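Novice: Generate coordinates for the sequence data below:
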Amino acid sequence: MLKLNRTLLLNTLIKHETLTVTDIGKQENLGLTPNKHHLQLLLDQLEQQSFIQKLDGAKPCTYTVTDKGIAEGNKFKAV
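Specialist: Numbers count the residues shown, from 1 in each chain. Below is the predicted model:
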């Protein structure tokens, strides 16, 4: 059974490049239905580490993966 974690979330954003917060939380994108508070906590952590960023002015809130995030995701795939 999949559990929501930073790696899963980051790889989902790498796969899709840009997603709204609503779309990120969909079962078909993550492979599970996350707890919304846990999802937001992980998004905030990834954003603080500059692996993802919010798009300015986008409604609803939209996230995109950064080059740093792609590099980090590739490290996990290499292991």
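Novice: drop to CA atoms for contacts and neighbour counts, all remaining ones
Specialist: OK.
Novice: Show me the helices in the chain, by range?
Specialist: 6-16, 21-24, 27-30, 36-48, 67-78 (DSSP state H).
Novice: Which of the ones you listed has the highest mean neighbour count?
Specialist: Of all the helices of the chain, helix 6-16 has the most neighbours on average by mean count of other Cα atoms under 10 Å, namely a mean of 18.
Novice: The helices of the chain into JSON lines, with extra columns for distance to residue 57?
Specialist: Formatted as JSON lines, these follow (distance: least, Cα to Cα, whole Å):
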{"stretch": "helix 6-16", "distance to residue 57": "19"}
{"stretch": "helix 21-24", "distance to residue 57": "14"}
{"stretch": "helix 27-30", "distance to residue 57": "23"}
{"stretch": "helix 36-48", "distance to residue 57": "16"}
{"stretch": "helix 67-78", "distance to residue 57": "21"}
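Novice: contacting residues for residue 8?
Specialist: Residue 8 is in contact with residue 30, counting by Cα atoms under 8 Å, 6 or more residues apart in numbering.
Novice: Mind pulling up the pLDDT for it?
Specialist: Note on residue 8: pLDDT of 92.
Novice: Of all the helices of the chain, which one comes closest to residue 59?
Specialist: With Cα to Cα as the criterion, residue 59 lies closest to helix 21-24 of those, at 9.8 Å.
Novice: which outside residues touch that closest one?
Specialist: Contacts for helix 21-24 (Cα under 8 Å, 6+ apart): 12, 13, 29, 30, 60, 61, 62, 63.
Novice: mind putting these in JSON lines, distance to residue 4 and pLDDT included?
Specialist: Shown next, in JSON lines, are the contacts of helix 21-24 (distance: Cα to Cα, whole Å; pLDDT from 0 to 100):
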{"residue": "12", "distance to residue 4": "11", "pLDDT": "94"}
{"residue": "13", "distance to residue 4": "13", "pLDDT": "94"}
{"residue": "29", "distance to residue 4": "12", "pLDDT": "93"}
{"residue": "30", "distance to residue 4": "8", "pLDDT": "92"}
{"residue": "60", "distance to residue 4": "22", "pLDDT": "91"}
{"residue": "61", "distance to residue 4": "20", "pLDDT": "93"}
{"residue": "62", "distance to residue 4": "19", "pLDDT": "96"}
{"residue": "63", "distance to residue 4": "17", "pLDDT": "96"}
